[in-house]
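A.B. asks: My questions concern the predicted model and sequence given below.
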Amino acid sequence: MITCLPVGGLGEVGAGDDLARLLAAASDLRDGDVLVVTSKVVSKAEGRVMTGDRAKALEEETDRVVARRGPTAIVRTRHGLVMAAAGIDASNTAPGTLVLLPVDPDASARALREALAADGGPNVGVLVSDTSGRAWRNGQTDIAIGAAGLAVLDEHAGRDDGYGNLLAVTAPALADEITAAADLATGKLSRSPAAVVRGLDRFVMPRGEHGSGAAALVRPEAQDMFGLGSREAVLHALLREDPRGFGAPSSAEELVSALEQVLPGATAVPAAVGERVEVTLPAVSEVGVRRLGALEERADVVAFGLGWRRTPDPADSHSDGARLLFLPAAP
């Protein structure tokens, strides 16, 4: 049986407060428990509360903008998290102040776990939670942005399901599931900054082992299929200023297929030698100089979006028309 028990009675937490001591005094922690602590109370204890310009704070906390719609900015933070407003929050804090995310949520989780286990204290897993939206669904749910002493993924690859089918990519985000369950116990308005989740001791690691941390839940940017909003992707490809957000270079076959769709009359083929794609455009006599230039520009834009760049072709001796050579962009 799994139970979620809210932790209350901490009072207002401020910079420099011993959060581990406060949590231990307010809860009945046992070996094998998972303690879920909101990032907000961790940030308050670590002095990550500020006054001043929210726009400036957002700029400082942002690694890059993913999408923007009116006043709402979805950004990738320095941690690699993709969140609205970089996780900056003005709720449940004194008027006029802003709470920033912890500098290193995994380090915060490890410090809490070690402090709670000191002097014979219980061996618990610790999760630092924050609220996040989802790209395809309304509403928000809590996710783990910091973790210590807990397997954050329950890897199922290689197991068989109930019908004997081999599972290949199934890996429940255990840490996120636990933080979401804990949020049901604490709620957003209860002033309870933590919850104890009991009954998951099989996932809690032995003393001294902290695990990969919640950083393991952050998808590497090169593998992100949604690194930019739809509008932003168009603008970035046209401007060709920042390749981040488009992911790793596509295969040569994918680039060929894309080029053939958008370049009428052109021929695109993977080169016989090496990882490159050659494109032969129609002759100037067929399409005219301006049209030929537009086709070259279109090819460059498509290639940029798929992680490829045009490079000078030393073998191009065409006087009528053009041959373009594309190579995968360096990481």
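C.D. replies: In hand now; what should we look at? What you see is a predicted model; the values in this text were computed from it and never measured.

A.B. asks: all helices of the stretch 101-250 of the chain, in order?
C.D. replies: Secondary structure of the stretch 101-250 of the chain (DSSP state H, counting those that start in this stretch): helices located at 105-117, 174-186, 230-239.

A.B. asks: How is this structure divided into domains?
C.D. replies: Segmentation of the chain into domains, based on automatic domain parsing, reads 3-48+102-218, 249-328.

A.B. asks: could you dump the helices of the stretch 101-250 of the chain to TSV with mean neighbour count, distance to residue 125 and mean pLDDT?
C.D. replies: The C-beta positions use only the backbone N, C-alpha and C, and glycine is treated the same way. Supplementary listing: the helices of the stretch 101-250 of the chain in TSV, determined by neighbours: other CB atoms under 10 Å; distance: least, CB to CB, whole Å; pLDDT from 0 to 100:
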stretch	mean neighbour count	distance to residue 125	mean pLDDT
helix 105-117	22	7	98
helix 174-186	22	8	95
helix 230-239	14	37	94
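
A.B. asks: re the thing from before, turn the domains of the chain into CSV, columns for distance to residue 61.
C.D. replies: Putting the domains of the chain into CSV (distance: least, CB to CB, whole Å) gives the following:
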stretch, distance to residue 61
domain 3-48+102-218, 10
domain 249-328, 27
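
A.B. asks: worst average pLDDT in these?
C.D. replies: Looking at the domains of the chain, the lowest mean pLDDT belongs to domain 249-328 (a mean of 84).

A.B. asks: Please tell me how far it is from the chain's geometric centre.
C.D. replies: Distance, stretch centre to chain centre, for domain 249-328: 33 Å (CA atoms, centre = their mean, to the nearest Å).

A.B. asks: ends of it, how far apart?
C.D. replies: In domain 249-328, first residue to last residue: 6 Å (CA to CA, to the nearest Å).

A.B. asks: May I see the buried residues of the longest helix belonging to the chain?
C.D. replies: In the chain, assigned by DSSP state H, the helix with the most residues is helix 289-305. Applying a neighbour-count criterion of 16 or more other CB atoms under 10 Å, one finds 292, 295-296, 299-305 buried in helix 289-305.

A.B. asks: got it, and stretch 74-82?
C.D. replies: Of the residues in stretch 74-82, those buried under the neighbour-count criterion (16+ other CB under 10 Å) are 74-77, 79, 81-82.

A.B. asks: from the domains of the chain, which stretch is densest packed?
C.D. replies: For these, the stretch with the most neighbours on average is domain 3-48+102-218, a mean of 18; neighbours defined as mean count of other CB atoms under 10 Å.

A.B. asks: can you give me the end-to-end distance of it?
C.D. replies: Counting by CA to CA, you get 27 Å between the two ends of domain 3-48+102-218.

A.B. asks: follow-up on the earlier one: let's have the buried residues of stretch 74-82 in a markdown table, adding distance to residue 215.
C.D. replies: Below are the buried residues of stretch 74-82 laid out as a markdown table (distance: CB to CB, whole Å):
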| residue | distance to residue 215 |
| --- | --- |
| 74 | 20 |
| 75 | 18 |
| 76 | 14 |
| 77 | 12 |
| 79 | 8 |
| 81 | 10 |
| 82 | 14 |
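
A.B. asks: Which members of these are the farthest-apart pair?
C.D. replies: The widest separation within the buried residues of stretch 74-82, taken as CB to CB, falls between 74 and 79 and amounts to 14.5 Å.

A.B. asks: So for the chain, the centremost residue is which one?
C.D. replies: Nearest to the mean C-alpha position of the chain, by CA atoms, centre = their mean, lies residue 81 at 3.9 Å.

A.B. asks: Out of the buried residues of stretch 74-82, which is nearest to residue 18?
C.D. replies: Among the buried residues of stretch 74-82, and counting by CB to CB, the member closest to residue 18 is residue 79, at 24.5 Å.

A.B. asks: Next, the closest one: secondary structure please.
C.D. replies: The three-state label for residue 79, taken from DSSP: H, G, I helix; E, B strand; the rest coil, comes out as coil.

A.B. asks: quick one, what contacts it?
C.D. replies: Neighbour list for residue 79: 101, 104-105, 145, 215, 218 [criterion: CB atoms under 8 Å, 6 or more residues apart in numbering].

A.B. asks: now do 7 Å
C.D. replies: In this structure, residue 79 makes contact with 101, 105, 145, judged by CB atoms under 7 Å, 6 or more residues apart in numbering.

A.B. asks: What ranges does the chain have for its strands?
C.D. replies: Listed from the start of the chain, the chain has strands (DSSP state E) covering 3-7, 34-38, 49-51, 62-69, 72-77, 82-84, 97-99, 125-134, 137-148, 194-198, 267-270, 277-280, 308-311, 323-328.

A.B. asks: Packing partners of the first one?
C.D. replies: When contacts are defined as 3 or more CB pairs under 7 Å, 6 or more residues apart in numbering; DSSP states H and E, strand 3-7 packs onto helix 174-186, strand 194-198.

A.B. asks: Okay, angle between that strand and strand 194-198 too, please.
C.D. replies: Taking axes from the mean of the first three to the mean of the last three CA atoms, to 10 degrees, one finds strand 3-7 and strand 194-198 inclined to each other by 160 degrees.
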